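>>> How does the following fold in three dimensions:
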Amino acid sequence: MEQPAQAQPVRLPLHPHEEVECRRCDVHCDKVVYPAACLERSCPFVYAFEEFGRTYIGCMQKVYEVEIDLDLLRSAERRSEGFGGVKAVRPPLPMCEADVSSCYENRAERLGCVNPEFFELPLDRPSFRIVARVGDQLR
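Sure thing, here's the model as predicted:
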């Protein structure tokens, strides 16, 4: 006699907002960072090197793995679309400009995202803004 197949429990991460990709449904989501923002913000983790007569930049913390031609990045930034984001391979740092990029959004389930915590900001970033305090006079 065959034994009925038992459903494997879904293993949920302890901190889903610290993941860099989500594949829990048919919509594939990835965290992306914007290297042009690293330059604009003078990020202390940006490094540069010259090779083959070109200058390349990268991230010392390896938030993203690619090394980008600086001239190509600057010329792309002059266009209205800008350079865009690159896939994060580690959780973005507090100073990173990060976003979530979703593919196949038409495959989303009717009730919405099955992992909404993936889109949340890390705990070290404020997720709300205080506009008044209890002691302030409101008129």
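
>>> Tell me, how many residues neighbour P116?
As a burial measure, P116 scores 10 neighbours (other CB atoms under 10 Å). Any C-beta I mention is one placed from the backbone N, CA and C, and that applies to glycine too.

>>> again, but for V32
The local packing of V32 (other CB under 10 Å) involves 19 other residues.

>>> shift numbering so it begins at 781
In the new count, where the first residue is 781, that last one comes out as V812.

>>> if I pick it, what's in contact with it?
By CB atoms under 8 Å, 6 or more residues apart in numbering, the contact set of V812 is 865-868, 878-881.

>>> Widest-spaced pair of these?
Pairwise distances across these peak at 13.5 Å for V866 and V880 (criterion: CB to CB).

>>> so the residue nearest the centre of the chain bridges to which residues?
Centroid check for the chain by CA atoms, centre = their mean gives K811 as the closest residue, at 2.8 Å. Beta-bridge partners of K811, counted by DSSP bridges, are V880.

>>> Which parts of the chain are helices?
Secondary structure of the chain (DSSP state H): helices at 815-820, 850-857.

>>> Go through those helices and name the closest to E900.
Using CB to CB as the measure, helix 815-820 is the one of the helices of the chain that comes nearest E900, at 20.1 Å.

>>> what residues does that closest one touch?
Applying CB under 8 Å, 6+ apart, the external contacts of helix 815-820 come out as 825-826, 837, 839, 844, 848, 853, 856-857, 862-863, 866, 876-877.

>>> can you list those in TSV and add pLDDT and neighbour count?
Formatted as TSV, the contacts of helix 815-820 follow (pLDDT from 0 to 100; neighbours: other CB atoms under 10 Å):
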residue	pLDDT	neighbour count
F825	94	14
V826	95	15
I837	96	19
C839	96	25
Y844	95	24
I848	95	21
L853	94	19
A856	93	15
E857	93	16
G862	89	13
F863	92	19
V866	95	17
C876	91	24
E877	91	16
